[in-house]
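> can you look at this prediction? I've put the sequence above it.
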Amino acid sequence: MATLTDPVEATRPRAITTQYTLGKDKVLYGGLLVLTAIAYLWGLSKNGYANEYYAAAVQAGSTSWKAWFFGSLDSSSFITVDKTPASLWVMGLSGRIFGFNTWSMLVPEALMGVASVGFVYVAVRRWFSANAGLLAAAILAVTPVAVLMFRFNNPDALLILLLCAGAWAVTRAIDSVKHSARWMILAGALVGFGFLTKMLQAFLILPAFGIAHLVAGKPALGKRLMHLVLATVSLIVSAGWWVAIVELIPASARPYIGGSSTNSILELTLGYNGLGRLSGNETGSVGGGAGNPGWGGAAGVQRLFGGEFASQIAWLLPAALLATIVLVVASGKAPRTDRTRAFALLWGGWLVVTGLVFSYMQGIIHSYYMIALAPAIGALIGAAMAMLWKRRTEWLPRTTLAGGILLTAGWSFALLNQTPTWQPWLRWVVLATGVVAAGVLMVLPELKLHRTAARRAGLFAATLLAVSALAGPTAYSVETISAAHAGALPSAGPSGAGGMGGLRGGFGGGRMGMPPGQTGTGTTQQPGTGTTRQAGPGGGGMGGFLGGGGISGVSSELVTLLQQGAKGYAWAAAAVTANGAAPLQIASGEPIMAIGGFNGTDPAPSLDEFKELVAQGKIHYFVGSGGGGMMGGRNGTSSEIATWVSENFQSQTVGSTTVYDLSTGTGA
């Protein structure tokens, strides 16, 4: 008879072997990532250059390392974009490797979305189950605003990836005794690079990360506090090295910091992109949100549940809040290190803190910011659903689950009813499946079914539940993928969704100056299509004024002029605002100076500085009306320059654009 342990065999060295089995969970996880990648990459080129403000900076970074490092709008590095440049680094490197085009710019964004979905899965699966992780990841993958922004070139894609990876690192830190400090240091570094992506917004998750580890971490309290100190140091180093370099380099050796009034990255961080967003006092802003429905509506919790914000993110927001309560109650009097409580603190804290800040901030806020809530919504629902489903034979969990289904179905019906002429049948399917799913779930445990029959009935109920909860946001996401999106105010879903959500119609053209490619009715011509689409949700909002849709209005004659006239000049031309400069630069491939930065209000350059640059022969042309310029700036600098040019240089019409040749004229 063979023994269980052979003493001789036990003393022999064993070969190192690695076992890997391709189980059902791995297949489903891989399938979800593949489907997510297909969805995010499908027809990606229809978005063209998306937000041309950032596209111009990506183009500049793909040809100039200086522009790449600082996040300059042009390759001659006159002025930066009004954000820290980490997302531009990724897209700029892709442009250097594959050449600058819409695919090289947007594919990295899509892949960041796939990676974010992956991190949510592994974070939730670690403490709950593979099914919980799949549900959480799937919710993130089909959230309309996530689908929109993972196919766009704004900084949000990289921000979400870094924060999801940070949450996973905190999860590992809470689990670990020996390596807890290392994981918290990693989490701090990831959030620090989140700051280099979108500044202070990255810090909204810090309370949740810190409290979750402090409460539930396995090491002793003193060590947990030390781990938080180390994580903070890691955050400061990873976020601060670039800021320190920019502040230490003389202003004459670097570009002007766009969005600031004093050429300071610290002012930009604490002002326009920081505390100003909370108070509404945003120097250099295009207009605060307080009392202005066009910039986010009235502050309050109703903001996230109404208008365009709701259609972007709120489909499962009530369910996520309910899930947070369920997880907190379920943890009850469990030990301090209980994973369920830690999960609620981590992801629930993320959702609540970020949601409250978005609800009550008085400054500029756009609906696409809501992508920051999507990972937490998915994680909370995935975890709570797994817990309730496992205990569905008990009365209270079953009732809670059924109530959550009815709440979600009813809320989805209301959101779909905002666009009553778009797929009108869908809202009734969602409502009906929700009611049936809740009913089946309530009666199923009372039936005396064979194990196989009970399993099939449970699968039927779970399918109905998934259809009811995910059909609405998935349909909006499919519509988002099928339509082109451009400009600074993209919006997911069908056109017209969410009553007060966006700046639509003729707002962009009539009051802000007509951008290239945008018509007087507020429509935007999509590059290469010859078709127009209503500005606002689904069409880019405000079109060219805020940096999108303008390239289609740049004539071939103007492109030829700029390309032929660029040799020997630092800037082929100058134009007022990024709206004036970005489409010209993208179309011609030549550096264009954006006078006044994003919206013409930055005091750069001054009139004297501009005169000096012209005298030095560094700027060849000034592009006036028809190119998005000559609209001036509220601080007077841009307007002074435009007036000086028009009074001292002869104009010519190139295509439909007024152009001034700065190499001729009095220049007085």
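Sure thing, it's come through.

> in the chain, which spans are strands?
Secondary structure of the chain (DSSP state E): strands located at 523-525, 532-534, 571-576, 592-595, 619-623, 651-654, 657-661.

> quick one: the last one to chain centroid distance?
Same thing as strand 657-661. Taking Cα atoms, centre = their mean, to the nearest Å, the mean C-alpha location of strand 657-661 is offset from the chain mean by 37 Å.

> got the end-to-end distance for stretch 261-273?
Using Cα to Cα, to the nearest Å, one end of stretch 261-273 lies 13 Å from the other.

> return the set of buried residues in that stretch.
Neighbour-count burial for stretch 261-273 flags 261, 263, 265, 267-269, 271-273 (criterion: 16 or more other Cβ atoms under 10 Å). Yep, even glycine has a C-beta here, placed from its N, CA and C like the rest.

> looking at the residues you listed, spot the one nearest Leu93.
Closest approach between the buried residues of stretch 261-273 and Leu93, by Cβ to Cβ: Ile265, at 21.7 Å.

> roughly how far apart are the closest one and Ala334?
45 Å (Cβ to Cβ, to the nearest Å).

> go on, Asn648?
76 Å.

> between these two, point out the one with more neighbours.
Asn648 (15 against 12; other Cβ atoms under 10 Å).

> does Ala216 touch Ile174 like I think?
Yes. Using Cβ atoms under 8 Å, Ala216 is in contact with Ile174, at 5.1 Å.

> which residues do the two both contact?
Contact criterion Cβ atoms under 8 Å, 6 or more residues apart in numbering; residues shared by Ala216 and Ile174: 337, 339, 342.

> okay, the residue nearest to the first one when sequence neighbours are not counted: pLDDT?
By the measure of Cβ to Cβ, 6 or more residues apart in numbering, the closest residue to Thr337 outside its immediate chain neighbours is Ala216, 5.2 Å from it. You'll see Ala216 listed with a pLDDT of 96.

> Val326 now?
Confidence for Val326, expressed as pLDDT, is 96.

> report the helix or strand with the lowest average pLDDT across this structure.
helix 507-512 (a mean of 27; mean pLDDT, DSSP states H and E).

> count the residues that sit near Gly118.
Count around Gly118 with other Cβ under 10 Å applied: 22.

> my bad, Leu44
Neighbours of Leu44 (other Cβ under 10 Å): 18.

> with adjacent residues omitted, what lies nearest to it?
Sequence neighbours aside, Leu106 is the residue nearest to Leu44 in space, at 5.1 Å (criterion: Cβ to Cβ, 6+ apart).

> thinking again about what came up before, now the shared contacts of Ala216 and Ile174 as JSON lines including pLDDT and neighbour count?
Shown next, in JSON lines, are the shared contacts of Ala216 and Ile174 (pLDDT from 0 to 100; neighbours: other Cβ atoms under 10 Å):
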{"residue": "Thr337", "pLDDT": "94", "neighbour count": "13"}
{"residue": "Arg339", "pLDDT": "96", "neighbour count": "19"}
{"residue": "Ala342", "pLDDT": "97", "neighbour count": "25"}
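
> let's see which of these end up in helices.
Counted as lying in helices by DSSP state H, out of the shared contacts of Ala216 and Ile174, are 339, 342.

> surely Arg125 is in contact with Leu135?
No. Using Cβ under 8 Å as the test, Arg125 is too far from Leu135 to be in contact (10.4 Å).

> which one of those two has more residues nearby?
Leu135 (26 against 20).

> these two touch, right, the more buried one and Ala386?
Yes. Using Cβ under 8 Å, Leu135 makes contact with Ala386 at a distance of 7.4 Å.

> for the residue nearest to the spatial centre of the chain, give its distance to Pro490.
Geometric centre of the chain, nearest residue: Asp156, 2.4 Å, by Cα atoms, centre = their mean. Separation of Asp156 from Pro490 (Cβ to Cβ) stands at 10 Å.
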